[in-house]
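Colleague: sequence-free structure coming up:
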């Protein structure tokens, strides 16, 4: 069965910046069926460059980005649960973002699009969930920026979130995480084709976006996984070229992934979404995570990966420590993996088992309540 | 006393690529005095963007990049030793590189400059050392790419190297190390001002070079040191700007360091020197370090730093393990530091003590021999 992306439209959304976006659209997909009690809904948040197409196969024959985790009999079992995944606000795959046409001008918003936050993304997701007549989510789950959304949901709408599964994520972006994002933004803005964001009627800043993506890819992998995948293998040659063409496989890979990204992602969305990540701080600058979690009434499954140096395990452990301190219901696993940050997207049996078991016990508790 | 940079000139140098560069110049500084026996000379190799000005104060009032380590009574004690530091081949601070004028054309070499290797850098250093009538170096020392030079010296000219001090370095560039360099190169080459390297009569690829440098700076620091230095502190504001100006201190720092770099470094040298690093493999692709070290008759002091994730400690430990296996004379310390890769440039008392003691014992052994 081919999955379809749907779109919900709302009159307006008030944003953290004080701006209002009007109208606002959100693209989403659903898998499985909502039960009569409306108690089996799970919201999935995607990572930075993801989209609403999380599972199944779409019209283009493309499998969802978390298809190994979502489907009949899988961790997020669509025979039991009703799964929703939406494209984030500021994105470029169906939800309102800088590349969308501003009805007031008839032209793309570009940099006139308001700067948004993770909380704004979640606010729009809540409007979607409300519109689907779901009063309480069985779970909110996601990796990386999807995990930030799961945490933000639990803090912003505690009464609506029975459980949360933040994976390979953080409760606030660190200086190093901001720094990597800033490099990506500067690479894009350094490209003359960026033209202060007004490139929709000309050509996109392909070179800058490609460089930004290359940096990203290095941070998603680990030293070990790069050694295993590429090592010092040369690309279609037996000895060094002594020029500035491709020598090493890893160079070829990065150039390819950089170029490929340009065809599917909008450079301005890159700017807006990384900014939202950098602004992310569950404590609003106080650093007092215990206060942020004070109203939370959510079960947590927190997962990190040993070789993830972009969102290192200690950041997950800070969340877990505080939740335990306030007697929160939290399970935590630091999974052994060489895949670096990408591990959460990879088919790892332990992650599957953890999520399946956690959802089953959450569903049992929900029925008993 | 103000230090002067000198220049030595040679008719030609044969390079690993098969090309010959003719003529070739090398900029260098010396500190202290060569003794009558010519037995107290130490060569210092600089890191990627360093130069010959390692110690003292020059005409511009600028202290050397390793002034905390080199000087009277310091680790590299200029009251006892004769210290030489030269700018690397391919560089842009006095030694022949792509920005130099090709006498055959009267114009800058630009991309017609031959691609060079770490071994080529060392080959030119040897010509310099020979010209100074030094038959055997008491030591060759350096951090990062300077450490690669120290290792290459010990392997290429074992009879000339009594001891070597490779710090925060590797015996071959890993996939991740190549990847970070490749991103920097692509950032430069993506800048239209790069103009295939022919920018010397127009304007340099400032934006691309700046982005490359920003990436570099992140890799030189550690997650911890960035947290300590910047955290999530805002730059001259109390709340988020909700725009794409500078919000965070770390953004301001990176932009500043990126821009500043452009005024002192040549983008083409960035390309050539990173390529030399990426080609660096002491085993010439065999991976058999034990073979590479088979003729080595050098004492080693190997130093790494716990928070250095660009040249992680395990790479130093691989060197140490092999040297011990062949009964080499090797001392090793993994120094505790939060400074990341930059640690070797920072004033760390343990590094000072280790180097001082190692040089003293090497000098004693040399006298006894």
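Modeller: The structure has been received and is ready for your questions. All values derive from a computational prediction rather than experimental measurement.

Colleague: so how far is residue A:128 from residue A:217?
Modeller: Residue A:217 sits 31 Å away from residue A:128, going by Cβ to Cβ, to the nearest Å. Every C-beta, even on glycine, is put in place using the N, C-alpha and C of the backbone.

Colleague: oh sorry, the question was meant for residue A:200
Modeller: Noted for residue A:200: a distance of 26 Å to residue A:128, by Cβ to Cβ.

Colleague: mean confidence score for the longest helix seen in chain A?
Modeller: In chain A, assigned by DSSP state H, the helix with the most residues is helix A:349-368. Per-residue pLDDT values across helix A:349-368 average out to 96.

Colleague: buried ones in it?
Modeller: Using 16 or more other Cβ atoms under 10 Å in any protein chain shown as the test for burial, helix A:349-368 gives A:351, A:354, A:355, A:356, A:358, A:359, A:362, A:363, A:366.

Colleague: same question, stretch A:221-239
Modeller: Buried residues in stretch A:221-239, defined by neighbour count with 16+ other Cβ under 10 Å: A:221, A:222, A:223, A:224, A:225, A:226, A:227, A:230, A:231, A:232, A:234, A:235.

Colleague: Can you sort out which of those residues also neighbour chain B?
Modeller: Among these, proximity to chain B is found for A:221, A:223, A:226, A:227, A:230, A:231, A:232 (Cβ under 8 Å from any Cβ of the partner chain).

Colleague: now those in TSV, with pLDDT?
Modeller: Output for those, formatted as TSV (pLDDT from 0 to 100):
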residue	pLDDT
A:221	98
A:223	98
A:226	98
A:227	98
A:230	98
A:231	97
A:232	98
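
Colleague: Give me the subset of the residues you listed lying in helices.
Modeller: Under the assignment DSSP H, these contribute A:223, A:226, A:227 to helices.

Colleague: For chain A, give me the ranges with low pLDDT.
Modeller: Residue ranges of chain A with pLDDT under 70: none are present.

Colleague: Between the buried residues of helix A:349-368, which sits nearest residue A:307?
Modeller: Nearest to residue A:307 among the buried residues of helix A:349-368: residue A:351, at 13.9 Å, using Cβ to Cβ.

Colleague: Tell me where the stretch 1-150 of chain A has strands.
Modeller: Applying DSSP state E, counting those that start in this stretch to the stretch 1-150 of chain A gives strands spanning A:6-10, A:13-14, A:20-21, A:24-31, A:41-45, A:70-71, A:76-77, A:82-86, A:101-102, A:107-108, A:139-143.

Colleague: out of these, which comes closest to residue A:239?
Modeller: Nearest to residue A:239 among those is strand A:139-143 (40.6 Å), distances taken as Cβ to Cβ.

Colleague: In the closest one, which residues are buried?
Modeller: A:139, A:140, A:141, A:142, A:143.

Colleague: closest to residue B:210 among the residues you listed?
Modeller: Nearest to residue B:210 among the buried residues of strand A:139-143 is residue A:143, at 31.9 Å by Cβ to Cβ.

Colleague: List the contacts of the closest one.
Modeller: Residue A:143 makes contact with A:47, A:167, A:168, A:169, A:344, A:345 under the criterion Cβ atoms under 8 Å, 6 or more residues apart in numbering or on different chains.

Colleague: number of nearby residues for the residue nearest to it when sequence neighbours are not counted?
Modeller: Among residues not flanking residue A:143 along the chain, residue A:344 sits closest, at 3.5 Å (Cβ to Cβ, 6 or more residues apart in numbering or on different chains). Residue A:344 has 26 neighbours, counted by other Cβ atoms under 10 Å in any protein chain shown.

Colleague: Pop the domain breakdown of chain A in here.
Modeller: A:6-173+A:281-368, A:177-275 (automatic domain parsing).

Colleague: Now do the contacts for the residue nearest to residue A:143.
Modeller: Contact analysis of residue A:344 by Cβ under 8 Å, 6+ apart lists A:143, A:144, A:167, A:168, A:303, A:305, A:351.

Colleague: Which residues of the stretch 201-350 of chain A lie near chain B?
Modeller: A:207-208, A:210-211, A:214-215, A:217-218, A:221, A:223, A:226-227, A:229-232, A:240, A:242-244, A:247-251, A:254-255, A:258, A:271, A:275, A:278-279, A:281, A:285, A:309, A:312.

Colleague: Narrow those residues to just the buried residues.
Modeller: Neighbour counting with 16+ other Cβ under 10 Å marks A:207-208, A:210-211, A:214-215, A:217-218, A:221, A:223, A:226-227, A:230-232, A:240, A:242, A:244, A:247-251, A:254-255, A:258, A:271, A:275, A:278-279, A:281, A:309, A:312 as buried within those.

Colleague: Next, the contact list for the most centrally placed residue in chain A, please.
Modeller: What sits nearest the mean C-alpha location of chain A, by Cα atoms, centre = their mean, is residue A:47, with 1.7 Å. Listed by Cβ under 8 Å, 6+ apart, the contact partners of residue A:47 are A:142, A:143, A:144, A:145, A:146, A:345.

Colleague: Could you identify the most distant pair in those residues?
Modeller: With Cβ to Cβ as the measure, no two of the contacts of residue A:47 lie farther apart than A:145 and A:345, at 12.6 Å.

Colleague: Please say which of these two ends up with more neighbours.
Modeller: Using other Cβ under 10 Å as the criterion, residue A:145 and residue A:345 rank with residue A:145 on top: 26 against 20.

Colleague: didn't the more buried one look like it was pressed against residue A:89?
Modeller: No. Look at residue A:145 against residue A:89 with Cβ atoms under 8 Å: they stay out of range, at 11.9 Å.

Colleague: what do those two both touch?
Modeller: With Cβ under 8 Å, 6+ apart as the test, residue A:145 and residue A:89 reach no residue in common.

Colleague: Now residue A:258: phi and psi?
Modeller: Note on residue A:258: backbone dihedrals following degrees, to the nearest 10 are phi -60, psi -50.

Colleague: excluding its backbone neighbours, what's nearest it?
Modeller: residue A:210 (3.4 Å).

Colleague: which residue ranges form the helices in the stretch 51-200 of chain A?
Modeller: Counting by DSSP state H, counting those that start in this stretch, the segments of the stretch 51-200 of chain A that form helices are A:118-131, A:145-156, A:175-190.

Colleague: before we move on, the earlier item: who touches the host helix or strand of the residue nearest to residue A:258?
Modeller: Assigned by DSSP states H and E, residue A:210 falls within helix A:206-220. Contacts to helix A:206-220, defined as Cβ under 8 Å, 6+ apart, come from residues A:48-49, A:180, A:183-185, A:187-191, A:193-194, A:226, A:253-255, A:257-259, A:261-262, A:265, A:267, A:270, A:309-310, A:340-342, B:176, B:179-180, B:182-183, B:186-187, B:190, B:211, B:215.

Colleague: between it and helix B:175-190, how many degrees?
Modeller: Using axes from the mean of the first three to the mean of the last three Cα atoms, to 10 degrees, the direction of helix A:206-220 lies 170 degrees away from that of helix B:175-190.
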